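> missing the sequence, but the structure's below:
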């Protein structure tokens, strides 16, 4: 994928780093969970995709924001490799975790996960004003786990059974459990527009 950012201008870089959270690089799930995210990032040349196992310091230094993709329902590989994501704690740019991305972010901050199986369309209710979405809306869910209320994150939205969106209390770190790349791509675009 092309990026419009050049090393000599990395400080002003607006490139979005999309982290492929699937169990292995180039898995068939890439087309389902990563490509729809990149299609929502506009203009299309403003992103780069890296598998979670290959994210390096220079990738983090040269991007302006990070989006973590979701994964297949039975893919829990990132949840077993939290140490690979310890950089999240000190990273100072906006981040958005989708499904497994939200779960991984929560575990990095030692916030527990809770069982919550949901597949299909659900009703989301916004519980706190935020720049990504508002009001009530329908979204596509595909997950086994949600997060429990914790000390590091505030709840932005819920469904009837699960916490569906969170934000770190001090940082621009967001998580959504539902899949905005399937339906509600404007949420991804709203994240991309954050200053």
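Okay, I see it. Computed from a prediction, not measured in an experiment: that's the story for all the values here.
> When you work out contacts or count neighbours from here on, use the C-alpha atoms and nothing else.
Will do.
> which element follows the longest helix belonging to the chain toward the C-terminus?
Looking across the chain with DSSP state H, the single longest helix is helix 100-108. Per DSSP states H and E, helix 100-108 leads on to strand 113-126 as the next helix or strand towards the C-terminus.
> If we go by neighbour counts, what in that next one is buried?
Neighbour-count burial for strand 113-126 flags 113, 118, 122, 124, 125, 126 (criterion: 16 or more other Cα atoms under 10 Å).
> Run through the helices of the chain in chain order.
Ranges of helices within the chain are 30-33, 35-40, 57-61, 100-108, 186-192, based on DSSP H.
> number of nearby residues for the residue lying closest to residue 23 once chain neighbours are set aside?
Leaving aside its sequence neighbours, residue 23 sits nearest to residue 77 (Cα to Cα, 6 or more residues apart in numbering; 5.3 Å). Residue 77 has 15 neighbours, counted by other Cα atoms under 10 Å.
> for residue 162, same thing?
So residue 162, with other Cα under 10 Å, has 19 neighbours.
> from here on, count from 892
Yes, from this point I'll number from 892; that puts the last item at residue 1053.
> OK, contacts around it?
1007, 1037, 1038 (Cα atoms under 8 Å, 6 or more residues apart in numbering).
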